[in-house]
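Visitor: sequence unknown, structure follows:
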């Protein structure tokens, strides 16, 4: 087989479209593959102008493109356009066109074309996928970025730029990753967490905005291999500054709720104690004569206990998250009442004669040593409370069942002319000790 026959065999059995055109653009030869692809017979193609097979939307572009090639003498060109088959089906054609010279003079062109419809379909799907991916990344509510191990930001979405206060993603990409950290050295510790390629890791990082204000960011990232073979990172960043502040507020609220429950329990228990103190104070006032000096002491004890009861009501209001009602306080009247206990003698012993039931016939001698206090009057009130607690124990062991019965018995005593009372002395501090020394009873007028 000679060279000419071999070349003809290659052309005839080639899978690509091979053709010749004169300088006006008319086909002078089309191989069988060209006729088969276009759906024509070979004889139908020869003598027809190539522009008849180009889609109308691309004709002007194709004519101008090849006109410039011939005028400028460009040896070879490549162009893609849409062509119409005989049955009207549209296909994509990609062809190389070369100038043909005979005896040094341009005589025509020959082209090698290929049906690239399938390739174009794949490219279109890829383009749409990339557009969808780009839209997903750029429209995401969280910040997304890609960076190198050295800290160069390769890509970032607008959400990350907005979160960090930058004008655009390009403005952010002009910075380095270390510029985002409040302390640049923290990035080395973060990189050590990511481990091998593909493994995800999360961390709460302290970044800073463009203006330098701090921001707490939750970052989930993984190590990847970049196109150049280097190591990089892909990450998603979420601003959790406000969420962390709300979590702290919730924890504080829970602690306050626990304190409120504790205060509620303490207030109830303390209120029970104060009720006993107030009741004992009332009982002491009933038992003591108006001219008895100990009656003033009993009155002050009762008033101090009532002030403590007012504090328990405030504790209960706090524990129930109720709004406290503000009240106007007259300091000219409140201060003297508070200082009453401090104005009384601080040293020495006081004796309070408590008239008990006739069956008990005791006299309680209450000793109180008010020590010198350097802080406030509350400690004196505390001493008074301790004093009345010891007195209360003695009273509760021996008092009648009701005040009315006590008054009835006292009336019978007065009618019978009995005025003698046996007494005992109880020390407030330490263990009770019985003193059998007779105590002269106070004068009680008969009926």
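Guide: That came through, no problem. The structure presented is a predicted model; accordingly, all values stated were derived computationally and were not measured.

Visitor: I'd like to know which elements the longest helix anywhere in the chain is packed against.
Guide: Across the chain, the longest stretch assigned as helix under DSSP state H is helix 241-287. The contact analysis (3 or more C-beta pairs under 8 Å, 6 or more residues apart in numbering; DSSP states H and E) places helix 241-287 against strand 214-225, helix 293-319, helix 377-398, helix 403-416. Just so you know, the C-beta spots here come from the backbone N, C-alpha and C atoms, and that holds for glycine as well.

Visitor: Could you check the angle that helix makes with strand 214-225?
Guide: 140 degrees (axes from the mean of the first three to the mean of the last three C-alpha atoms, to 10 degrees).

Visitor: pLDDT below threshold where in the protein?
Guide: Judged by pLDDT under 70, the chain has its weakly predicted residues at 1-3, 194-198, 319-325, 334-447.

Visitor: Spell out the residue ranges of the helices in it.
Guide: According to DSSP H, the helices that the chain contains are 3-12, 32-38, 42-45, 56-72, 117-138, 158-163, 169-173, 186-194, 241-287, 293-319, 331-338, 340-343, 377-398, 403-416.

Visitor: so which of these gets nearest residue 230?
Guide: Residue 230 lies closest to helix 186-194 among these, at 13.7 Å (C-beta to C-beta).

Visitor: Who does the residue lying closest to residue 119 once chain neighbours are set aside form a beta bridge with?
Guide: Of all residues not flanking residue 119 in the chain, residue 92 sits nearest, at 7.5 Å (C-beta to C-beta, 6 or more residues apart in numbering). Going by DSSP bridges, residue 92 is paired in beta bridges with residue 82.

Visitor: what sits against residue 75?
Guide: By C-beta atoms under 8 Å, 6 or more residues apart in numbering, the contact list for residue 75 reads 98-99.

Visitor: if I look at it, how far off is residue 251?
Guide: From residue 75 over to residue 251 the distance is 78 Å, taken as C-beta to C-beta, to the nearest Å.

Visitor: And residue 72, by the same measure?
Guide: In terms of C-beta to C-beta, residue 72 sits 77 Å off from residue 251.

Visitor: Equivalent analysis for residue 261, please.
Guide: Taking C-beta to C-beta, one finds residue 261 at 16 Å from residue 251.

Visitor: And residue 81, by the same measure?
Guide: 68 Å.

Visitor: if you count what's nearby, which of these two comes out ahead?
Guide: residue 81 (18 against 10; other C-beta atoms under 10 Å).

Visitor: pretty sure the more buried one is in contact with residue 97, am I right?
Guide: No - judged on C-beta atoms under 8 Å, residue 81 makes no contact with residue 97 at a distance of 11.7 Å.

Visitor: Pull up the overlap in contacts between the two.
Guide: Listed contacts common to residue 81 and residue 97 are nil; contacts here mean C-beta under 8 Å, 6+ apart.

Visitor: Quick one: residues in contact with stretch 131-146.
Guide: 153-161, 163-164, 217, 224, 232-239.

Visitor: now those residues: which count as buried?
Guide: Among these, those classed as buried by 16 or more other C-beta atoms under 10 Å are 153, 156-161, 163-164, 217, 232-239.

Visitor: Including distance to residue 21, could the helices of the chain go into TSV?
Guide: Below are the helices of the chain laid out as TSV (distance: least, C-beta to C-beta, whole Å):
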stretch	distance to residue 21
helix 3-12	15
helix 32-38	12
helix 42-45	11
helix 56-72	9
helix 117-138	22
helix 158-163	51
helix 169-173	48
helix 186-194	61
helix 241-287	69
helix 293-319	98
helix 331-338	113
helix 340-343	122
helix 377-398	113
helix 403-416	132
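
Visitor: between the ones you listed, which gets nearest to residue 201?
Guide: helix 186-194 (4.6 Å).

Visitor: so what secondary structure elements neighbour the closest one?
Guide: strand 200-208, strand 214-225.

Visitor: what separates that helix from the chain centre, distance-wise?
Guide: Its chain's C-alpha centre and that of helix 186-194 lie 23 Å apart, by C-alpha atoms, centre = their mean, to the nearest Å.

Visitor: Over to stretch 46-55?
Guide: Worked out by C-alpha atoms, centre = their mean, stretch 46-55 lies 69 Å from the chain centre.
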